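Peer 1: pasting a predicted model and its sequence here:
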Amino acid sequence: MENLIFDMLSEPLKKSLLMESNKIVLKHNPIFRYNFNEEVIKNTVPMITEINFPPEEFIYKEGDDSSDVYFI
């Protein structure tokens, strides 16, 4: 039901809501809160993308070359 309501919103409003929710997540994450200032968080928010993985799929394996951060 919640996704149905979200899907009914305009694209600009959806984008704005996602940006605000991602900003909240970063501000409450201890890694970001204790190590980065508001400007870094503000500049990081637009780079966040949502990726859905099916159950049992590996997201990252030891030894993989990646500079990505994952919030699960």
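Peer 2: On my side now, so go ahead. Numbers count the residues shown, from 1 in each chain.

Peer 1: low-confidence ranges, this structure, go.
Peer 2: 1-3 (pLDDT under 70).

Peer 1: go through it and flag its longest helix.
Peer 2: Longest helix of the chain, by residue count under DSSP state H: helix 11-28.

Peer 1: so what touches it?
Peer 2: Residues outside helix 11-28 that contact it (C-beta atoms under 8 Å, 6 or more residues apart in numbering): F6, L9, F32, R33, I41, K42, T44, V45, P46, I48, E50, F71. The C-beta positions use only the backbone N, C-alpha and C, and glycine is treated the same way.

Peer 1: so the last one sits right up against T44, yeah?
Peer 2: No. Distance between F71 and T44: 11.8 Å, which falls outside the contact criterion (C-beta atoms under 8 Å).

Peer 1: return every residue with contacts to both of those two.
Peer 2: By C-beta under 8 Å, 6+ apart, no residue touches both F71 and T44.

Peer 1: tell me which of the two has more neighbours.
Peer 2: T44 (15 against 10; other C-beta atoms under 10 Å).

Peer 1: for that one, give me its contacts.
Peer 2: T44 neighbours (C-beta under 8 Å, 6+ apart): L26, F32, F36.

Peer 1: what's the closest of these to G63?
Peer 2: F32 (25.6 Å; C-beta to C-beta).

Peer 1: quick one: list the elements packing against the host helix or strand of the closest one.
Peer 2: Using DSSP states H and E, F32 maps to helix 30-35. Packing contacts for helix 30-35, counted by 3 or more C-beta pairs under 8 Å, 6 or more residues apart in numbering; DSSP states H and E, involve helix 38-44.
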